[in-house]
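# I would like the atomic coordinates for the input below:
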Amino acid sequence: MKQKPRWTLEMFTMGFALLAAALSLLLLVVQPALGPVVLVVAVVCIILVVVSRYRIRRWAARWVTGTSFENSRTQYSLASLSQPAALLSGDTVVWYNLPFRDRVLAGGDQLAGRVNKMLPGLDMAQCAGPDGQVLACVSGTWRIHASTVKGEGEKVSILILNDETALRRVELEYKASRPGYMIFSVDGYDDVFSDMLDSESARLLERINRTIEAMIARGTGFLRRVANGRYIAVVEERQLEQFAQQGYDVLDKIRALEPSINLSISIGIGRRAPTLHEAQEMAVQALDMAQGRGGDQAAEMTPDGFTFYGGVSHGVEKRSKVRSRIVAEALVGLIKTADHVVIMGHRMSDLDAIGSAEGMLRICKICDVPAVIAVKREATLASSLINAIEDAGQEGDFIDPRSALSIISKETLCIVVDTYQVGQVECKEILEKCGKIAVIDHHRKGVGYIENAVLVCHEPYASSASELVTELLQYVGTRDDKPTRIEAEGLLAGIMLDTRNFSLHTGVRTFEAAAALRRYGAETERAWALFDVSLPEYNAKASLVAKAQMYKGCAVVLSGELPAEAQVAVPQAANDLLSIEGVQASFVAVQAGSMVKISARSMGQVNVQVIMESMGGGGHQTMAATVLKHTTMEQAHAHLCAAIDAYRAAQKKGSVKA
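Residues are numbered from 1 along each chain as shown. The predicted structure is shown next:
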């Protein structure tokens, strides 16, 4: 069908008005006496333009689409469609059928109007796709499909609209009513209730029951107690969304029931799973994550990952050593079945990582299995301990990670100490190549943990990995099998590092481990000497401390690049800043090429792990760090301040979300 040249409605109307005006002026010049008649003609022309607006539109539509469209089979076939349909010239609506007028325009006429005014947000490119565009507007929710033909003038498009309002309403209700699975567990149940009278424990358990029941009773879910201190609940997605918006305030309510005994619960939630069984499995993993982060928090697991709420209190110390004995026996079994053992800690290893690794090496020697510690000598903060061990005649204890790859087979056991994160280990290739993996760590769990470990000793209540390894040593070998003096001092130095000389995050078992190391021959003076720094390191630390600025109770240091030999000054400066009055947490940010490394410390009032996690890092409640890649110092500073602001705002609400 050949199309005629196309004119816009504005050009058509303007031409009509100009023609009428020209004829009126011509008549006025030729016949001045006909002035009143000219005035009447002009008024009539204006009236005709206004009154005939609809006719002009119809004429424009015919001019745009060609004379063959009006009263044609094409027009009648489109008009009889049950779905709303419209014809566009460019972005101007030149024709639509009755369903479009009745259902989209609510019975009004807007012919020759702009389509974006009728359907705000319309995207013609998306409508032309195979799935069309889903558009929500005042008249409802529509799926719009479009087909466009390029002509000699403006392109012509046809829109077909399918009403999905009811379908979307059903979809929203389906998503909101999907079941979610929740598991509640009282942290350290046996230790909390073991010393109570039966009447006291019954009264406290009743209060816990009522608090959790009141939480679930807000919606249509149900709650069941399945064991001592353990509950399960199935609730709808809409209710879980409400719990998340309220920050799972049940954590605060449980904590407030009996503040004197450090009562808390952990919650694991499985959301948006395809089946209820999968939601239950996700809830179990989430609960394990919440407890691995120290308890007193809620962990949500969805197909997109984890979200954490709470985590404002200290982990509950477990006084029983039964688990340590079981882990020691299982670890010995794994070591004896391996051909080699490779031990490694985290990148930029510290005294705790090397001290605990040396303790694990002693266990391997007791089992008479060859073992080495993989460490990068050029990137460690524990050179003093490594040098002391080598001076004691144990040069073969350490190996470069690249050299260790050649001795690894499918029968090799990899023992990871002082980290639970895949991305933080000294060498990922060792982790991937070894047939079996064991993990010994005390940091709170985070996303990205080692999932395929055959043995895990993960206790977030412990002060350090050295404390855990010291406990394991007591259940390995005979009475005559014990670490050397320098090995015991390395373990003691690791405990001293993470507890800041037994002033922070210590428990009964921490001092018991220190006492055991003292019996093995460790001397506190020699252990303290491992913390000695050189004069350049001390000057670097003093320079960092001098740059500190206060921000919402936190000392923040921003520094350029440091020499490689002065890297140890970063965590030391963060520790020293905590001795300043009014400092609840410290953050030392140092430029390292295109990266910014941030070391964070606190005295327990601020959970620096949560703050560092929000920036892609992790660690412990009082000791954490992160690395920001491809970031300037200005960007890192803004990011850090925003993370502190978010944490302080969450603190005011009584719950911290990571």
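# Low-confidence regions, the stretch 151-300 of the chain specifically.
Within the stretch 151-300 of the chain, the stretches with pLDDT under 70 are 151-153.
# So which bits of stretch 358-373 are buried?
Across stretch 358-373, burial judged by 16 or more other CB atoms under 10 Å covers 358-367, 369, 371-373. All C-beta spots, glycine's among them, are computed from the backbone N, C-alpha and C.
# Partner strands of the helix or strand encompassing residue 342, with direction?
Under the criterion DSSP states H and E, the helix or strand holding residue 342 is strand 341-344. Strand 341-344 pairs in its sheet with strand 371-374 (parallel), strand 413-417 (parallel), by DSSP bridges.
# what does it rub up against?
Residues outside strand 341-344 that contact it (CB atoms under 8 Å, 6 or more residues apart in numbering): 335, 357, 360-361, 364, 369-375, 401, 404, 407-408, 412-417, 425-427, 430, 434.
# Just send the strands paired with strand 341-344 back as a markdown table, with mean pLDDT too.
Below are those laid out as a markdown table (pLDDT from 0 to 100):
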| stretch | mean pLDDT |
| --- | --- |
| strand 371-374 | 96 |
| strand 413-417 | 95 |
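# wait, which of these is closest to residue 278?
Taking CB to CB, strand 413-417 is the member of the strands paired with strand 341-344 nearest to residue 278, at 29.0 Å.
# list the buried ones in whichever helix or strand comes after the closest one?
Proceeding C-terminally, strand 413-417 gives way to helix 428-433 as the next helix or strand, assigned by DSSP H and E. Across helix 428-433, burial judged by 16+ other CB under 10 Å covers 430-431, 433.
# Extract the C-alpha trace of the next helix-or-strand element following helix 428-433 and format it as PDB.
Where DSSP H and E defines the elements, the next helix or strand beyond helix 428-433 is strand 436-441. The C-alpha trace of strand 436-441 is given here as PDB (Å, rounded to 0.1, in the frame of the first residue of the first chain):
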ATOM      1  CA  LYS A 436      41.500 -33.200  52.200                       C
ATOM      2  CA  ILE A 437      41.200 -30.000  54.200                       C
ATOM      3  CA  ALA A 438      40.900 -29.300  57.900                       C
ATOM      4  CA  VAL A 439      40.200 -25.900  59.400                       C
ATOM      5  CA  ILE A 440      41.200 -24.500  62.800                       C
ATOM      6  CA  ASP A 441      39.800 -21.000  63.300                       C
END
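# quick one: secondary structure of residue 393?
Secondary structure for residue 393, judged by DSSP: H, G, I helix; E, B strand; the rest coil, is coil.
# and it, how many neighbours?
If you count neighbours by other CB atoms under 10 Å, residue 393 ends up with 10.
# What of residue 377?
There are 12 residues near residue 377, going by other CB under 10 Å.
# give me the element it is part of.
Short version, using DSSP H and E: residue 377 is in no helix or strand.
# So, low pLDDT: which residues of the stretch 351-500 of the chain?
446-447, 479.
# ok, and residue 99, which helix or strand is that part of?
Per DSSP H and E: helix 98-99 holds residue 99.
# residues contacting residue 524?
Per CB under 8 Å, 6+ apart, neighbours of residue 524: 492, 518.
# Distance check, it against residue 492.
Residue 524 sits 7 Å away from residue 492, going by CB to CB, to the nearest Å.
# Repeat that for residue 292.
Taking CB to CB, one finds residue 292 at 26 Å from residue 492.
# Beyond the helix holding residue 99, next helix or strand please.
helix 115-118.
# Against which helices or strands is that next one packed?
Taking 3 or more CB pairs under 8 Å, 6 or more residues apart in numbering; DSSP states H and E as contact, the helices and strands that helix 115-118 lies on are strand 92-96.
# just how off-centre is the strand it packs on within its chain?
48 Å (CA atoms, centre = their mean, to the nearest Å).
# which parts of the longest strand anywhere in the chain are buried?
Ordering each strand of the chain by length in residues (DSSP state E) puts strand 140-149 first. Neighbour counts over strand 140-149 (16+ other CB under 10 Å) mark 140-146 as buried.
# I'd like these laid out as a markdown table, including pLDDT.
Putting these into a markdown table (pLDDT from 0 to 100) gives the following:
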| residue | pLDDT |
| --- | --- |
| 140 | 87 |
| 141 | 91 |
| 142 | 92 |
| 143 | 94 |
| 144 | 94 |
| 145 | 94 |
| 146 | 93 |
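# Turn the residues you listed into TSV, including distance to residue 95.
Below are the buried residues of strand 140-149 laid out as TSV (distance: CB to CB, whole Å):
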residue	distance to residue 95
140	22
141	24
142	18
143	21
144	16
145	17
146	15
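# and which of the residues you listed is nearest residue 385?
Residue 385 lies nearest to residue 141 out of the buried residues of strand 140-149, by CB to CB, at 65.9 Å.
# Now do the contacts for the closest one.
134-135, 163-165, 167-168.
# try 6 Å this time
Going by CB atoms under 6 Å, 6 or more residues apart in numbering, residue 141 touches 164-165, 168.
# what pairs with it across the strands?
Going by DSSP bridges, residue 141 forms beta bridges with residue 136.
# Residue 432 versus that one, what's the distance?
48 Å.
# Please list the outside residues in contact with the helix holding residue 99.
residue 84.
# avg pLDDT for it?
The average pLDDT within helix 98-99 is 88.
# Just give me how far that helix sits from the chain centre.
Using CA atoms, centre = their mean, the offset of helix 98-99 from its chain centre is 48 Å.
# Quick check: phi and psi on the closest residue to residue 608 other than its chain neighbours?
The spatially closest residue to residue 608, leaving aside those adjacent along the chain, is residue 600, at 3.9 Å (CB to CB, 6 or more residues apart in numbering). With angles defined as degrees, to the nearest 10, residue 600 sits at phi -120, psi 140.
# contacting residues for residue 600?
587, 608, 612, 624.
# and the nearest residue to residue 366 once chain neighbours are set aside, how many neighbours?
Take residue 366 and drop its neighbours on the chain: the residue closest to it by CB to CB, 6+ apart is residue 477, 4.1 Å away. Per other CB under 10 Å, the neighbour tally for residue 477 reads 16.
# I'd assumed residue 477 was in a strand, is it?
No - assignment of residue 477 by three-state DSSP gives coil, placing it outside any strand.
# where's it relative to residue 471, distance?
Distance from residue 477 to residue 471, by CB to CB: 14 Å.
# ok so, going back, and the buried residues of helix 428-433, which is closest to residue 187?
Nearest to residue 187 among the buried residues of helix 428-433, with distances taken as CB to CB, is residue 431, at 30.5 Å.
# quick revisit: which pair of the buried residues of strand 140-149 spans the longest distance?
Using CB to CB, the pair of the buried residues of strand 140-149 lying farthest apart is 140 and 146, separated by 18.2 Å.
# which residues does residue 289 contact?
299, 445.
# mind running it again at 8 Å?
Here residue 289 is in contact with 268, 299, 301, 306, 308, 445 (CB under 8 Å, 6+ apart).
# And what about the closest residue to residue 209 other than its chain neighbours, helix, strand or coil?
The shortest distance from residue 209 to any non-neighbouring residue, by CB to CB, 6+ apart, is to residue 225 (7.2 Å). The local conformation at residue 225, judged by three-state DSSP, is strand.
# Hmm, residue 231 and residue 225 touching each other?
Yes - counting by CB atoms under 8 Å, residue 231 is a contact partner of residue 225 at 5.1 Å.
# neighbour count winner among the two?
residue 231 (21 against 15).
# for that one, phi and psi?
phi -130, psi 150.
# How about residue 418?
phi 70, psi 20.
# So for residue 538, what's the nearest residue that isn't a sequence neighbour?
Closest to residue 538 by CB to CB, 6+ apart is residue 569, at 7.6 Å.
# In this structure the one you found contacts residue 535, no?
No - in this structure, residue 569 is not within contact of residue 535 by CB under 8 Å, at 11.3 Å.
# which one of those two has more residues nearby?
residue 569 (28 against 7).
# ok, now how distant is that one from residue 499?
Distance from residue 569 to residue 499, by CB to CB: 20 Å.
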